[in-house]
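Asker: Next input, structure requested:
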Amino acid sequence: MKRHELANAPGGPDAASSLAAGFSFDTCVQLVIRNTRDRLLFATIYAIISLLIHPWLVCAIWLGTVFFWDLVVRPGFDRLTANLPPSRAITTYAAANAIGSGLYQGVSLLALADGSALGVAIAATWLTGGFMSNFIYFGANRRLLVGVLGPAIVVALVGPFLAFGARLDSLVISVLILLGLLSARSFSLDHHVLLRTLADRQTALSDVERKLALAVEASGDGLFEYDILADVLRPDAAWLAILGYKPEHLEMLLSNGWRDLLHPDDIPALEPTYEAHFRGDTPHTNHEHRVLCRDGSYKWVLSRGQVIERTADGRPHRVVGTMMDLSARKALEQQLEAARDLAESANHAKGVFLANMSHEIRTPLNGVIGTAGALARRPLPAEEREMVGLIQTSGQTLDRLLSDILDQAKIEAGRFELLVAPFDLRNEIEAAAELMRAKADEKAIDFRVVYADAARGMFAGDAVRIRQIVSNLASNAIKFTNAGEVRIQVGCFQPTAAEARSRLRIEVIDTGIGFDAEAAKRLFTRFTQADGSISRQFGGTGLGLSISRTLADLMGGEIQAASEPGKGSTFTIDIPLARTMALADYDADQASGKGYAEPVVETTSMAKLRVLLAEDHPTNQRVVQLILEPAGVALTIVGNGLEAVGTYHPGLFDLILMDMQMPVMDGLSATREIRRRERELGLPPIPIAMLTANAMGEHRSDAAAAGADHLIAKPITPDSLIAGVEYTLLRADAACAERRTGLG
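Answerer: Below you'll find the predicted structure:
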């Protein structure tokens, strides 16, 4: 080792090691060497002042001796101790310093021995200063401290007695000088404590700076400092590296000003961010923008900055901040956006595909159901009638499954909307129940609907969807019940606060096979049934309950299920609904014969009824023909809306059946054109019924807006088509009567 770092610990090597941290021999020697000039300067000043009390020859000899010691002798001791073992080095260095201290204090002894007041003052000052410096330089090692203080203490004790003899004055002078020793020791201790405190703080600060530097380096962020007044940007190497530069490129990079690095489109948004921070509105800036890289491309970065210094008048002076490379994140965002656009495009394509498939599937399905229905109206042997019944049942099942799949597709696409309108509660529940009654009768199951007293009246809601939920729940109940009953209980709870909505509660209760708690957890999940065996035994897509829950959620309600295996099930749906008419007013209207349900149509003979059918598909044309012509209807068939407009003449037809979706000109456009001609000629409107495979609320609204009197949903049956024709004629007659009444 070049220099020894150890402590003078008499207890042995372990003690020496324990003190080594507090004393550095190498540092001590270096401090003494560096302080040589100051010591010799003060010695010279002291010698000059001493001329006032001592002959020049004595002071000159002393000063020469001091110079010789510090410049010649002591450096030799320093070299000697550097090559000695640790324990001997300390002893040798302490002895050398004791000799040196004796030389420095020799003139103090002469000044004290002189006995004059000036001599005592000069000596006391010199000795006290020596005490101070010795404690500072050598206080960390006892052996060195004793070596340098020993001669000074001897001089302080002996000098006064040499001047005044064994008197009290001599003792007082010695005591006063030694009090300086105690004061120097106290100052030295405070000095060491202060230095240690400062060193600890500096160490802690250095540790924080080191950790901060490591954190910044690990983060990959670049640091910058911006002098606003001088308009000077000072980035670090990491900041430059983000843009592809090296530190030696800094001057070239900023030669045209740092603003040229910003993308022009981002500057208008960046400036308000800094202005808000300068006003104190935000604790720091935080902005994403693009910067120009060395290769000419732009890179997205996140820039954060904070004002750390302001001028006397409060203007921002210096800003310190960081810059983070956002290239990877932005690339991922672009990928996600591209994936989202692709998914939306695929979702839209799926919606279009499903809409087209709905039309394409319902067209042959309409042929199956309509033809089977027309065939069922004819006299057939029992075996053939059974086969026709199977065809009808299968067709209706296919229609139900198709409707569920299309509804689920709309829900997934987020294009499912409710059509809220006034409706009669009991009429809608009865309409849904009536569809299920035939299925219950086929299985010899008791099927009934029970209403609470308040479960009647006019409400605002989507009646079609409420019927759909009731039909789904009742259909499931009948499907999974082999004996017993299926009961629909309808209740209505009045609101407790003014203008609050009533709560409709519908319970579908059956005595069927039931299900356990595990099956209940996944019951409302799409494509899921109680277990695989149920799917095989009873069929179905597993969409009905999922769609019902979604519909309930859209209406602000909820649906729950309770069941035990072998003991039946209870499905409960709660839906908030607002009454559109006070219950008393509704009851009064019912008592007076005013009804809000669709009028019941009495089937009448359609012989000699002239009907124009606009339908592009041959199968559908034939189905309508098979149903209407046996009833005596004179049917004229065209293939699209344009042909329908051209074929129509006032007084030539009693009714038009218009398919909604056709080539060349669709049914809505054709209906609008016919209504326009009627208005121009001042003719009464001909009854028009729209035929469509898309019979949702929005399609009904579109048909009504175009001028159609009624909408008949495909697939059609003989009953639904004939009832639709008669209802259309009835509505048209009622509308004409209203117009005549208004004119009269």
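Asker: Please name the nearest non-neighbouring residue to Leu84.
Answerer: Thr92 (6.0 Å; C-beta to C-beta, 6 or more residues apart in numbering). Bear in mind the C-beta positions are built from the backbone N, C-alpha and C, glycine included.
Asker: Give me the three-state assignment for the one you found.
Answerer: helix (DSSP: H, G, I helix; E, B strand; the rest coil).
Asker: List the residues that contact it.
Answerer: 77, 80-81, 84 (C-beta atoms under 8 Å, 6 or more residues apart in numbering).
Asker: Among those, name the ones in helices.
Answerer: Using DSSP state H, the subset of the contacts of Thr92 located in helices is 77, 80-81.
Asker: In ChimeraX, select just the buried ones from these.
Answerer: Burial among the ones in helices among the contacts of Thr92 is assessed by 16 or more other C-beta atoms under 10 Å; the matching ChimeraX selection reads:
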select :77,81
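Asker: With pLDDT and distance to Met436 added, can I get the ones in helices among the contacts of Thr92 in a markdown table?
Answerer: Formatted as a markdown table, these follow (pLDDT from 0 to 100; distance: C-beta to C-beta, whole Å):
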| residue | pLDDT | distance to Met436 |
| --- | --- | --- |
| Phe77 | 77 | 117 |
| Leu80 | 79 | 116 |
| Thr81 | 77 | 112 |
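Asker: Per-residue pLDDT of the residue nearest to Leu84, please?
Answerer: Looking at Thr92, its pLDDT stands at 78.
Asker: try Ala376
Answerer: pLDDT for Ala376: 78.
Asker: who touches it in this structure?
Answerer: Ala376 neighbours (C-beta under 8 Å, 6+ apart): 385, 388-389, 392, 718.
Asker: what do you get if the cut-off is 10 Å, keeping everything else the same?
Answerer: Residues near Ala376 by C-beta atoms under 10 Å, 6 or more residues apart in numbering: 384-385, 388-389, 391-392, 717-719.
Asker: Just the closest of these to Glu225, please.
Answerer: Nearest to Glu225, judged by C-beta to C-beta, of these is Thr717 at 82.9 Å.
Asker: So which residue is dead centre in the protein?
Answerer: Central residue of the chain (C-alpha atoms, centre = their mean): Glu333, 13.8 Å from the mean position.
Asker: before we move on, which element is that residue in?
Answerer: Under the criterion DSSP states H and E, the helix or strand holding Glu333 is helix 327-376.
Asker: any idea how far the helix or strand where Arg39 lies is from the chain center?
Answerer: In this structure, Arg39 sits in helix 36-50 according to DSSP H and E. Put simply, helix 36-50 sits 76 Å off its chain's centre (C-alpha atoms, centre = their mean, to the nearest Å).
Asker: Mind giving me the packing neighbours of that helix?
Answerer: Helices and strands touching helix 36-50, by 3 or more C-beta pairs under 10 Å, 6 or more residues apart in numbering; DSSP states H and E, are helix 56-68, helix 86-114, helix 117-138.
Asker: mind giving me TSV with those helices and columns for distance to Val638?
Answerer: Output for these, formatted as TSV (distance: least, C-beta to C-beta, whole Å):
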stretch	distance to Val638
helix 56-68	132
helix 86-114	119
helix 117-138	118
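Asker: Check which helices and strands the biggest strand by length in the chain is in contact with.
Answerer: In the chain, with assignment by DSSP state E, the single longest strand is strand 298-310. Applying 3+ C-beta pairs under 10 Å, 6+ apart, we find strand 298-310 packed against strand 222-227, helix 237-242, helix 267-278, strand 285-292, strand 316-325, helix 327-376.
Asker: For Ile488, find the nearest of these.
Answerer: Of all the helices and strands packed on strand 298-310, helix 327-376 comes closest under C-beta to C-beta, at 26.1 Å.
Asker: closest to Leu681 out of the helices and strands packed on strand 298-310?
Answerer: Proximity to Leu681 (C-beta to C-beta) singles out helix 327-376 among those, at 33.6 Å.
Asker: Show me where the stretch 151-300 of the chain has its helices.
Answerer: 168-219, 237-242, 250-253, 267-278 (DSSP state H, counting those that start in this stretch).
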